[in-house]
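**Student:** Got a predicted structure here, sequence first:
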Number of protein chains: 4
Amino acid sequence: MDADPTTRHRRRDAAATRAALLHAARSLMARHGVEGTSTRDVAAAAGVNQTLVYRYFGSKEKLFAEAACAGAESPNIVTKTPLAELPRALLDRALDLTQAEESGDLAALVGAANDEHVRAVLRDRIEKSFGALAARLDGPDADLRAELVAAILIGVGLLRHKIGTTATSTADRETLAIYVDRMMATLIRPSP
Amino acid sequence: MDADPTTRHRRRDAAATRAALLHAARSLMARHGVEGTSTRDVAAAAGVNQTLVYRYFGSKEKLFAEAACAGAESPNIVTKTPLAELPRALLDRALDLTQAEESGDLAALVGAANDEHVRAVLRDRIEKSFGALAARLDGPDADLRAELVAAILIGVGLLRHKIGTTATSTADRETLAIYVDRMMATLIRPSP
Amino acid sequence: MDADPTTRHRRRDAAATRAALLHAARSLMARHGVEGTSTRDVAAAAGVNQTLVYRYFGSKEKLFAEAACAGAESPNIVTKTPLAELPRALLDRALDLTQAEESGDLAALVGAANDEHVRAVLRDRIEKSFGALAARLDGPDADLRAELVAAILIGVGLLRHKIGTTATSTADRETLAIYVDRMMATLIRPSP
Amino acid sequence: MDADPTTRHRRRDAAATRAALLHAARSLMARHGVEGTSTRDVAAAAGVNQTLVYRYFGSKEKLFAEAACAGAESPNIVTKTPLAELPRALLDRALDLTQAEESGDLAALVGAANDEHVRAVLRDRIEKSFGALAARLDGPDADLRAELVAAILIGVGLLRHKIGTTATSTADRETLAIYVDRMMATLIRPSP
DNA sequence: CATGAATGAGTATTCATTCAT
DNA sequence: AATGAATGAATACTCATTCAT
C-alpha cells in the first residue's frame, strides 16, 4: 500500500498523518506535560514534518486539546458493565498502560492538564463519561459519587504511573483491586 | 515599615526574599505546572528581581524542588489525629486553599509534577507522610492502604481545584466529607 | 535580483545564509574575539535572523570552530611557491586584509583563540599548512622551522592589525618585506 | 603579620588586596581573555569579595587595563643586556611562564587583547620597551626592527603556550634559541 | 574596610509559528 | 500534500555594577 506509483512525497495519507500526530501528542503529553512538549518533539515522534501540526491542527494548543478528547469515544465500560464489576473493569482499564497511551489515560491527562484548553476538554470528557455512570446510580449525590469514582482512578493512576510511590507502584493488581473495589463500593451502592 | 516608598532597592532581607520566591513558586506551579512557569513569572509574583532566583536557589529546577518540599514539616495531622477523625481532618486541609498555597497542597503538587526532580521530592514526601500513617494501621497492606488515602486526596483535590468538574467543585464540604469518610474508612479500618 | 524591497523574509538560500554567517563570524571574531562576539552580533552583521545560527551550526561554538577552519583550503602558497619567493608571498597574503577576512587570517584567528575549540581547530590548521612547508625544507628541525615561519606571520600580523604599534603599522610593505624576508631566510635555507 | 589584634575583618591590607586582584586578573586574562573572564572569577581567584574590584579599580575594564601594564617596569633586559646576548635573554624571559604570569607575559597579553583599552595600554607598553631597544640599534628602520623583535617573541609565545602546535611546544629551549637567535640577529645587526 | 543584597541589561538557546516552494 | 527557510518572542541563566550595612 506504499507502492502506489502516483504518490511521490506522500507515504502516509492525510488521515494517517493526523492520527500519528495525535498519538505522539498523547504519549508525550502524558510523560512531560503540555508545556514540556514542543511541536518539534511531537512531529519527530510521529515521523512527520513539524509544520504539519499547523496544517492539520492550526496550533499547538488545538493539537493537544484534540489529543485530550480523542479516545474518549468508548465509555461503554461505564454504561454497560454491571455495577458490581465496574470497579475492577475501570481499574483494569486505568492500569493498562498500552491502552492508556492509545486512548488517553485519565490520570495521565489530568496530570498534564496545565493548559486551560486541555482542562476544559478534560472537564467535559469526565463529566460526560461519569455523568453516564451517575445516571445508573441510586440515591442522592449521584453526580458527585460518580465523579468520586473518577477521582479514585485519577489518584491511583497518578501515584502508580507518574509519582511512583513504592506501595502503589509495586502492588499487584489483585491486591490493588481489593481496596479499589471497597472504596468504590461505598460510592456505587445506594447510601445505607 | 515595609511601605517606605523612597526605597528603590527592595528591603534587604535575604530570608524574606527567599521565602517570597518559594511562596510564589508554589502558587504558580499549582496553577501552571513547572514547565509552564518561568523564573520571570516567579520573580514578578514575588516582587523581586529575577536574578535572585539564581542567587538563592541556583537554578529553576532547584527552586521548584525546594518549593515542593517546603511545608511538609507538619505531618502532625497524620500522626496525631485519632484515626476516626482523620479523613475529615485531611479533607479539610486539602480543601483549604489558603493553607494549600502556603504549605504546598498535595494535589496541586502532583498536578505540577512533570519535572523529574519535583517528582522525586514529591515521592519522598508522600512516602514519609503516609508511611507515618501506615505505621498506625492494623492489618495487611498497611503501606498500600495509607498511600490510597493519599490517592483519594489527590484525586478529589485535582477534580475540585484543577479540572473543576461540576459536582466535585460545587459540592459543599459537608457532603463531600461524607463520601470521603466512607472511602477512607475502608482503608483505615482493619480489613473485615 | 537580490534587492527586491518587497520581500520581508530574506531570500531563501540556505547556502548563502550559511556563508554569510561564517563570513560575519570570521570578521567579528578577528576584531573582538570569540567571547567578545555574541551570536546576535554575528546574525546582525550577516543580516539574518539570530536563530539561523542554531539551525545551521547548532551552537555558537560550532559556528566559530567552522569559521576558524574555512579558508584553509588554499595552502597552495605554501606548497607551490618557490622557496625563495615564499616569504614575500606569505607576507602579502597576511597583509591583505580583504583576503584575510574572507579566508581567515592567521594572526586574527590566533588573536581570537581564547576558546578551546577554536584553538584546537587552529592548531590542526597550522600544523597541516606548515607541515607541508616542513616537507620542503632541508636540514634538521624542519617542523620547528616551518612553525617559526608561521610565528613570524602571527607576530607581525598582530602588531600591525590588532595592537597597532606605530612602526609596524605604518611601515610600507616593501620595507617590511625586507626584514621579514631576512628573518624567514634563516629558517628556510638549510642551516649553515 | 596576620596576627595584628587590632584588625578584625582585615586579613590583607589594601595594597595586598589590590595586588592579589591584579595578579588574578593577569593570570585569568592570559588563559581566557578579557571577555572570557568575569569579575567574579577574578575576585574568587584572588580570594576577595567581588565588589572590591570596583572599590579599587572602578570597573572591570580599568582592572584589566592596569593588569596589562603592571610588570612592565623591568625593561632592564632590553636596555642593559649586551645586544649579542639579547635574543637569548628575551627568549628565556618569554618562556618562563611563572614570571610571565607574575609580570604579564607579552604573548599572553597580546593574545588576550580583544578589549580596546587593553590594546591601548599594550601598544604603549610595547612601544616604550622596544623603543628603548631601537635606540640601541644602528642603521635604518631601527623602530621597526625593534618591534619585529617583539613580533617574534609574540609569535613564538603564542604558538608555544596558547595554540600549542607540536613542534614549537615540544622543542627544547636550546634548539628554539638557535633559531630565534638567528632570526633576531638579522634585526639587531646593522643591515649589511 | 569589607560584604551581602539587589538590579537591569545581556548571553546562548529554544519555541511556536509563518512563508515560499 | 509536504518541506525547508525564515522569523520574533520567549526561556534559563550570567554579567557588570550599585546600594546599604
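**Tutor:** Yes, it's here.

**Student:** Of all residues in chain A, which one is closest to DNA strand F?
**Tutor:** A:Asn49 (3.2 Å; Cβ to the nearest atom of the strand). For the C-beta atoms, the positions are set from N, CA and C on the backbone; glycine is no exception.

**Student:** Show the low-confidence segments of chain A, by residue range.
**Tutor:** For chain A, residues meeting the criterion pLDDT under 70 lie at A:1-12, A:71-75, A:98-103, A:191-192.

**Student:** tell me the domain boundaries of it?
**Tutor:** As assigned by automatic domain parsing, chain A contains the domains A:14-69, A:76-188.

**Student:** quick one: which of these is nearest D:Arg93?
**Tutor:** Closest approach to D:Arg93 among the domains of chain A (Cβ to Cβ): domain A:14-69, 55.9 Å.

**Student:** anything in the closest one near chain C?
**Tutor:** No. Domain A:14-69 lies out of reach of chain C by Cβ under 8 Å from any Cβ of the partner chain, never closer than 12.0 Å.

**Student:** is chain B contacted by that domain?
**Tutor:** Yes. Using Cβ under 8 Å from any Cβ, domain A:14-69 reaches chain B at A:His32, A:Gly33, A:Val34, A:Glu35, A:Gly36.

**Student:** Please convert these to a markdown table, extending it with neighbour count and secondary structure.
**Tutor:** Compiled in a markdown table, the residues of domain A:14-69 next to chain B are given as follows (neighbours: other Cβ atoms under 10 Å in any protein chain shown; DSSP: H, G, I helix; E, B strand; the rest coil):
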| residue | neighbour count | secondary structure |
| --- | --- | --- |
| A:His32 | 17 | helix |
| A:Gly33 | 27 | coil |
| A:Val34 | 27 | coil |
| A:Glu35 | 19 | coil |
| A:Gly36 | 18 | coil |
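
**Student:** So what touches stretch A:59-69?
**Tutor:** By Cβ atoms under 8 Å, 6 or more residues apart in numbering or on different chains, the residues outside stretch A:59-69 that reach it are A:21-22, A:25-26, A:29, A:34, A:37, A:39, A:42, A:53, A:56-57, A:104, A:109, A:113, A:115, A:117-118, A:120-122, A:124-125.

**Student:** Could you give the number of residues near the residue of chain A closest to DNA strand F?
**Tutor:** 11 (other Cβ atoms under 10 Å in any protein chain shown).

**Student:** Could you look up the SS state of it?
**Tutor:** Recorded secondary structure, A:Asn49: coil (DSSP: H, G, I helix; E, B strand; the rest coil).

**Student:** nearest residue to it other than its sequence neighbours?
**Tutor:** Spatial nearest neighbour of A:Asn49, chain neighbours left out: A:Ala43 (6.2 Å); criterion: Cβ to Cβ, 6 or more residues apart in numbering or on different chains.

**Student:** is the helix or strand harbouring the one you found up against DNA strand F anywhere?
**Tutor:** Per DSSP states H and E, A:Ala43 falls inside helix A:39-46. No. Applying Cβ under 7 Å from any atom of the strand, one finds helix A:39-46 separated from DNA strand F by no less than 8.5 Å.

**Student:** and the helix or strand just after that helix, does that touch DNA strand E?
**Tutor:** The C-terminal neighbour of helix A:39-46 among helices and strands, as given by DSSP H and E, is helix A:52-57. Yes. Residues of helix A:52-57 are located near DNA strand E by Cβ under 7 Å from any atom of the strand, namely A:Val53, A:Tyr54.

**Student:** for helix A:52-57, the distance to its chain's centre please.
**Tutor:** 22 Å (Cα atoms, centre = their mean, to the nearest Å).

**Student:** picking up where we left off before, would you tell me which of the domains of chain A gets closest to C:Leu91?
**Tutor:** Nearest to C:Leu91, of all these, is domain A:14-69, at 50.2 Å by Cβ to Cβ.

**Student:** one step back: contacts for the helix holding A:Ala43 next, please.
**Tutor:** Under Cβ under 8 Å, 6+ apart, the answer for helix A:39-46 is A:17, A:20-21, A:23-25, A:27-28, A:32, A:49-50, A:52-53, A:60, A:63.

**Student:** Counting neighbours, which of those comes out on top?
**Tutor:** A:Ala25 (29 neighbours).

**Student:** distance of A:Tyr54 from A:Thr39?
**Tutor:** In this view, A:Tyr54 and A:Thr39 are 8 Å apart by Cβ to Cβ, to the nearest Å.

**Student:** who has more neighbours, the two?
**Tutor:** The neighbour count for A:Tyr54 versus A:Thr39, taken as other Cβ under 10 Å, is higher for A:Thr39 (19 against 13).

**Student:** Would you mind measuring from the more buried one to chain B?
**Tutor:** Going from A:Thr39 to chain B by Cβ to the nearest Cβ, to the nearest Å gives 14 Å.

**Student:** same question, A:Arg173
**Tutor:** Distance of A:Arg173 to chain B, given as Cβ to the nearest Cβ: 12 Å.

**Student:** How far does stretch A:77-92 sit from its chain's centre?
**Tutor:** Remark: stretch A:77-92 is offset 16 Å from the chain centroid, using Cα atoms, centre = their mean.

**Student:** So that stretch, near chain B or not?
**Tutor:** No. With Cβ under 8 Å from any Cβ as the criterion, chain B is not reached by stretch A:77-92; the gap is at least 11.6 Å.

**Student:** Just the CA trace of that stretch, in CSV.
**Tutor:** Taking Å, rounded to 0.1, in the frame of the first residue of the first chain, the C-alpha atoms of stretch A:77-92 are listed here in CSV:
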residue,chain,number,x,y,z
ILE,A,77,-17.4,0.3,30.1
VAL,A,78,-19.1,2.9,32.2
THR,A,79,-22.5,2.3,30.7
LYS,A,80,-22.5,-1.4,30.0
THR,A,81,-20.6,-3.1,32.8
PRO,A,82,-22.7,-4.4,35.6
LEU,A,83,-22.2,-2.1,38.6
ALA,A,84,-20.8,-4.9,40.7
GLU,A,85,-18.0,-5.5,38.2
LEU,A,86,-17.4,-1.9,37.4
PRO,A,87,-14.6,-1.1,39.8
ARG,A,88,-12.5,-3.9,38.6
ALA,A,89,-13.2,-3.0,35.0
LEU,A,90,-12.3,0.6,35.4
LEU,A,91,-9.2,-0.3,37.3
ASP,A,92,-8.1,-2.7,34.6
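
**Student:** Now do that stretch: everything it contacts.
**Tutor:** Under Cβ under 8 Å, 6+ apart, the answer for stretch A:77-92 is A:93, A:129-130, A:132-133, A:136, A:149, A:153, A:156, A:173, A:176-177, A:180-181, A:183-185, A:188.

**Student:** Just the buried ones among those, please.
**Tutor:** A:93, A:129-130, A:132-133, A:149, A:153, A:156, A:176-177, A:180-181, A:183-185, A:188 (16 or more other Cβ atoms under 10 Å in any protein chain shown).

**Student:** Surely A:Ala150 is in contact with B:Leu158?
**Tutor:** No. Using Cβ atoms under 8 Å, A:Ala150 is not in contact with B:Leu158; the gap is 9.9 Å.

**Student:** If we only consider the contacts of helix A:39-46, which is nearest to chain D?
**Tutor:** Using Cβ to the nearest Cβ, A:His32 is the member of those that lies nearest chain D, at 33.9 Å.

**Student:** ok, now how distant is that closest one from chain C?
**Tutor:** Taken as Cβ to the nearest Cβ, the span from A:His32 to chain C is 21 Å.
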